[in-house]
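>>> predicted model follows, preceded by the sequence.
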Amino acid sequence: MVDSNFQILYSKDRIQERVEALAGEISDYYQHCNEPVVAVCVLKGAFIFFADLFRKLRVQPEIDFVRLASYGEKTYRDEKVVCEKDLEVSIKGKHVLVVEDIVDTGCTIDYFTRHLRERGPISVKVCALVQKRERSEIDVALNFSGFYLERGFVVGYGLDYAEKYRHLEDIWTMPE
Ligand code: PRP
């Protein structure tokens, strides 16, 4: 399944504990909102986390999916991110919860939250399973955060390396 030099960083049990805790925090936050809530899954990496989180919520948001792609070496950070599949629902007058698997440089989430705020939502909050510091370019303030990772490349639980390893139940570090 994985090479012998991969190591488990977050076990599936530990991930599920964090997901449960995050679902509790998110539910507490939104349960008294009178307006609709839309949970947005950023494809592809967040799809497993999103599905697990969604099923543990005590509130029932509408759901939608976006696909954002980032391209390495453009001059301005906005040019690095392209929206390849946009939202299908309107977010005007609604609360939006963006669900990401990982925040790395911060460019994707910075671009996307600014893009969302132009569409008239009441609020935009971000939940990420892993926040990585090593390559951070933009300081992203997460509203709901699973794990904080100083450095390392991680795969599993939706996260890939060249489209491999998304199916793994644990999150593993790969040798660099
Ligand atoms: C990953 C992740 C975030 C983005 C974070 O997506 O899902 O969307 O990178 O990186 P950043 O903070 O440096 O912008 P990726 O482009 O690997 O695509 P995937 O989700 O389809 O695997």
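Alright, I've got the coordinates.

>>> only C-alpha atoms for contact and neighbour calcs from this point on.
Will do.

>>> mind listing what the residue nearest to the spatial centre of the chain touches?
The C-alpha lying nearest the average C-alpha coordinate of the chain belongs to residue 100 (CA atoms, centre = their mean; 0.6 Å). In this structure, residue 100 makes contact with 41-42, 45-46, 126-129, judged by CA atoms under 8 Å, 6 or more residues apart in numbering.

>>> now, which of the residues you listed sits nearest residue 80?
In terms of CA to CA, no member of those lies closer to residue 80 than residue 42, at 16.0 Å.

>>> what helix or strand does the closest residue to that closest one other than its chain neighbours sit in?
Setting aside the residues directly before and after it, residue 42 is nearest to residue 66 in space (CA to CA, 6 or more residues apart in numbering), at 5.1 Å. Element membership of residue 66 [criterion: DSSP states H and E] is strand 62-70.

>>> roughly how far is that strand from the heart of the chain?
Its chain's C-alpha centre lies 10 Å from the corresponding centre of strand 62-70 when counted by CA atoms, centre = their mean, to the nearest Å.

>>> direction included, what does that strand pair against?
Strand 62-70 has its sheet partners listed here by DSSP bridges as strand 37-43 (parallel), strand 81-85 (antiparallel).

>>> and those as JSON lines, adding mean neighbour count, mean pLDDT and distance to the ligand?
Putting the strands paired with strand 62-70 into JSON lines (neighbours: other CA atoms under 10 Å; pLDDT from 0 to 100; distance: least, CA to the nearest ligand atom, whole Å) gives the following:
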{"stretch": "strand 37-43", "mean neighbour count": "22", "mean pLDDT": "98", "distance to the ligand": "5"}
{"stretch": "strand 81-85", "mean neighbour count": "14", "mean pLDDT": "91", "distance to the ligand": "8"}
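
>>> circling back to that earlier point, check the gap between the residue nearest to the centre of the chain and the ligand for me.
For residue 100, the distance to the ligand (CA to the nearest ligand atom, to the nearest Å) stands at 6 Å.

>>> contacts for stretch 44-61?
19-20, 22-24, 26-27, 30-31, 36-39, 41, 67, 99-102, 129, 157-160, 166.

>>> kindly recompute the last result at 6 Å.
The list of residues contacting stretch 44-61 from outside it, by CA atoms under 6 Å, 6 or more residues apart in numbering, reads 19, 23, 27, 37-39, 100-101, 158-159.

>>> try stretch 145-160
Surrounding stretch 145-160, the residues in contact under the criterion CA under 6 Å, 6+ apart are 18, 45, 48, 127-134, 165-166, 168-174.

>>> what residues of it count as buried?
Across stretch 145-160, burial judged by 16 or more other CA atoms under 10 Å covers 145-146, 149, 154-160.

>>> next: stretch 167-176.
Buried residues in stretch 167-176, counting neighbours by 16+ other CA under 10 Å, are found at 168-174.
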